[in-house]
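Asker: Here you go, sequence then predicted model.
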Amino acid sequence: MVAIGLPVNTSSTVLAGRAATSSIAASARAAQADWVATPVSERLKIIRRYRDLVIKNSDFLMDLLQAEAGKARWAAQEEVIDLMANANYYARVSADLLKPHTVQGLLPAIGKTTVCYQPKGVVGVISPWNYPMTLTASDAVPALIAGNAVVVKPDSQTPYCGLACAELLYQAGLPRALYAIVPGPGNIVGTAIVDHCDYLMFTGSSQTGSHLAEHAGRRLIGFSAELGGKNAMIVTRGANLDKVAKAATRACFSNAGQLCISIERIYVEKDIADEFTRKFGDAVRAMKLGTAYDYSADMGSLISEGQLKTVIAHVEDAKAKGAKVIAGGKPRPDIGPLFYEPTVLAEVTPEMECAAAETFGPLASIYPVSDVDEAVQRANDTEYGLNASVWAGSTAEGEKIAARLRSGTVNVNEGYAFAWGSLSAPMGGMGLSGVGRRHGAEGLLKYTEPQTIATARVLNLDPPPGVPATLWQKSLLPIVRLVMNLPGRT
């Protein structure tokens, strides 16, 4: 592949319209009727084969991510690793999670209550450009395992990444009609998907998520979303600043900062702020930008001219209002047309655009604070609540601080990867950062309808033969009170 420093232009991709999307959704619904009859064990065999194909084709997938999304090689690898791990996790746990199980019923011994999980039907996935494989295929895999068909609208800037993962699923044995990738404009294809699906998973901006939630709400269908963030890091005086400075470069600038869970605000106790700022600035200035299809670059390109303009606007606004540039602060057209230096600002004040608005680019700001209480208060002073990072003198101190943060995930001694990679745990946001969760049991069962089957095996609540109705009714309350107090009842 040629290293051009500019994500591949995918404008020639054949785009679907509303009628085509409706037809594709209808075909998916027809295919789902057969898929739901396929045993879970057989579905999981396909997912395991898909996992193995991802491993076999990992170099190609990384090449494609670099070409289409402009990522550095290691950032592309991060995404491919997630594809493998996500498929492996759900292949391992889904059979048990989806298995019908008995629960406490109304009357023990004479009745039985079972909870089953029925698929929603057709799941719509509207995925973003920043992690176009992970946030497409890894959201679709649990939906498919649960017995659903899936219709995906990939972002128009990165359709080939989603199509590549779909092809691997087909090669693994998944029926083509069951999993459809439908490129096209969001206001046409996205709207049509919401009109025809039984559940919607969306990753993107809070503004678009709010609009889609309203649309889904009018149809009374389930909705899950991971949205924007203005994620904070807290560094206390006991932290190892060399370690923090190094890790913060990845936490802030992975995929050129185009990561929903990347850090944009860093709160540092005042008596270590100067030292941290110096160490972090040195680490950022040492980062290498590049376009090569190897691991030589620390950071790649922005995705589009629009993203570049946003970063430039935020930095220039902050500089004009008195912010100090610690590192970076300039576009790098000598490397590629959409490159911008990883940038660190200090002395950022509330009236600056980057203080509260999500940049979604290679920009982080350092804020000295008097103590941990102020750091927590300021970290929580946002409408968002997606991810946070805490670095302290001890693990216990870090975990104590983490529990005070209003954030869906908090990493202690790490920026984002430990929480994201903990696939058994739910992942999602609070506030404007999202609704619902991916990963863990929640990430699978949200694509199902829990069904309660309660069976009266001996008698029901009608009077037994020969017992007068009045006597039976008087006896019910004492019977219920007795049952409530039996051992093991909750």
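Answerer: Done, it's in. Model, not experiment: these values are computed from the prediction.

Asker: so how far is Leu471 from Pro464?
Answerer: 10 Å (CB to CB, to the nearest Å). Just so you know, the C-beta spots here come from the backbone N, C-alpha and C atoms, and that holds for glycine as well.

Asker: repeat for Cys197
Answerer: Cys197 is 53 Å from Leu471, by CB to CB.

Asker: Show me which of the two is the more surrounded one.
Answerer: Cys197 (28 against 9; other CB atoms under 10 Å).

Asker: In this structure the more buried one contacts Gly124, no?
Answerer: Yes. With contact defined as CB atoms under 8 Å, Cys197 and Gly124 form a contacting pair (3.4 Å).

Asker: okay, and the common contacts of the two?
Answerer: Val151 (CB atoms under 8 Å, 6 or more residues apart in numbering).

Asker: can you give me the helices in the stretch 101-250 of the chain?
Answerer: Assigned by DSSP state H, counting those that start in this stretch, the stretch 101-250 of the chain shows helices spanning 134-145, 159-171, 191-196, 206-219, 241-253.

Asker: Of these, which stretch is the most buried?
Answerer: helix 134-145 (a mean of 27; mean count of other CB atoms under 10 Å).

Asker: now the angle from it to helix 159-171?
Answerer: Calculated by axes from the mean of the first three to the mean of the last three CA atoms, to 10 degrees, helix 134-145 forms an angle of 30 degrees with helix 159-171.

Asker: report the longest helix in this structure, please.
Answerer: helix 73-98 (DSSP state H).

Asker: what's that one packed up against?
Answerer: The contact analysis (3 or more CB pairs under 8 Å, 6 or more residues apart in numbering; DSSP states H and E) places helix 73-98 against helix 40-56, helix 58-69, helix 134-145, helix 417-421, helix 440-445.

Asker: and Ala76, which of these is closest to it?
Answerer: helix 58-69 (3.9 Å; CB to CB).

Asker: Does that closest one pack against any helices or strands, and if so which?
Answerer: helix 73-98, helix 159-171.

Asker: Asn485 - how many residues pack around it?
Answerer: 8.

Asker: and what of Asp96?
Answerer: 10.

Asker: try Met430
Answerer: As a measure of burial, Met430 has 18 neighbours, counting by other CB under 10 Å.

Asker: what's the closest non-adjacent residue to it?
Answerer: Distances taken as CB to CB, 6 or more residues apart in numbering place Gly385 nearest to Met430, at 3.3 Å, with adjacent residues excluded.

Asker: That neighbour contacts Gly428, correct?
Answerer: No. Look at Gly385 against Gly428 with CB under 8 Å: they stay out of range, at 9.6 Å.

Asker: shared neighbours of the two, which are they?
Answerer: Gly408.

Asker: Just the pLDDT at Leu97, thanks.
Answerer: Leu97 is assigned 98 on the pLDDT scale.

Asker: Can you give me the domain assignment for the chain?
Answerer: Here the domain parsing of the chain from automatic domain parsing is 18-227+438-449, 231-428.

Asker: what's the first-to-last distance across the longest one?
Answerer: With CA to CA, to the nearest Å as the measure, domain 18-227+438-449 spans 28 Å from end to end.

Asker: for the shortest one, same thing?
Answerer: The distance separating the two terminal residues of domain 231-428, taken as CA to CA, comes to 13 Å.

Asker: what about that domain, average pLDDT?
Answerer: Mean pLDDT, domain 231-428: 98.

Asker: Next: stretch 104-116.
Answerer: Mean predicted confidence for stretch 104-116 is 87.

Asker: Please apply the same query to stretch 27-46.
Answerer: Rounded mean pLDDT across stretch 27-46 is 97.

Asker: Would you mind listing the buried residues in that stretch?
Answerer: Using 16 or more other CB atoms under 10 Å as the test for burial, stretch 27-46 gives Ser27, Ala28, Arg29, Ala31, Gln32, Trp35, Val40, Arg43, Leu44, Ile46.

Asker: How far away from the center of its chain is it?
Answerer: In this view, stretch 27-46 has its centroid 25 Å away from the chain centroid, taken as CA atoms, centre = their mean, to the nearest Å.

Asker: Alpha carbons of it, as CSV, please.
Answerer: Extracted in CSV, the C-alpha atoms of stretch 27-46 (Å, rounded to 0.1, in the frame of the first residue of the first chain):
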residue,chain,number,x,y,z
SER,A,27,-34.8,-9.8,3.7
ALA,A,28,-33.0,-9.7,7.1
ARG,A,29,-36.3,-10.3,8.9
ALA,A,30,-37.1,-13.3,6.7
ALA,A,31,-33.6,-14.7,7.3
GLN,A,32,-34.0,-14.2,11.1
ALA,A,33,-37.0,-16.6,11.2
ASP,A,34,-34.7,-19.4,10.2
TRP,A,35,-31.8,-18.2,12.3
VAL,A,36,-33.8,-18.2,15.5
ALA,A,37,-34.4,-21.9,15.0
THR,A,38,-30.7,-22.5,14.8
PRO,A,39,-29.3,-23.8,18.1
VAL,A,40,-27.1,-21.4,20.0
SER,A,41,-24.3,-24.0,19.9
GLU,A,42,-24.4,-23.8,16.0
ARG,A,43,-24.4,-20.0,16.0
LEU,A,44,-21.3,-20.1,18.3
LYS,A,45,-19.4,-22.3,15.9
ILE,A,46,-19.8,-19.6,13.3
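
Asker: thinking again about what came up before, now the helices and strands packed on helix 58-69 in CSV, with distance to Arg250?
Answerer: Compiled in CSV, the helices and strands packed on helix 58-69 are given as follows (distance: least, CB to CB, whole Å):
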stretch, distance to Arg250
helix 73-98, 9
helix 159-171, 22
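
Asker: So for Lys309, which of those helices sits nearest?
Answerer: When the helices and strands packed on helix 58-69 are ranked by proximity to Lys309, the top entry is helix 73-98, at 21.8 Å, counting by CB to CB.

Asker: And that closest one, what's buried?
Answerer: 73-91, 93-94, 97-98.

Asker: so where does the residue of the chain most remote from its centre fall, helix or strand?
Answerer: Residue farthest from the centre of the chain, counting by CA atoms, centre = their mean, is Gly466 at 60.6 Å. Under the criterion DSSP states H and E, no helix or strand holds Gly466.

Asker: Kindly provide the distance from it to Lys474.
Answerer: Distance from Gly466 to Lys474, by CB to CB: 16 Å.

Asker: try Pro183
Answerer: From Pro183 to Lys474 the distance is 68 Å (CB to CB).

Asker: ok, the two, which is more surrounded?
Answerer: The residue with more neighbours, out of Pro183 and Lys474, is Pro183; 20 against 10, by other CB under 10 Å.

Asker: My guess is the more buried one contacts Val151. True?
Answerer: No. Judged on CB under 8 Å, Pro183 makes no contact with Val151 at a distance of 11.8 Å.

Asker: Assess the claim that Trp472 and Pro463 are in contact.
Answerer: Yes. In this structure, Trp472 is within contact of Pro463 by CB under 8 Å, at 3.8 Å.

Asker: which of the residues in stretch 308-322 are buried?
Answerer: Those would be Leu308, Thr310, Val311, Ile312, His314, Val315, Asp317, Ala318, for stretch 308-322 by 16+ other CB under 10 Å.
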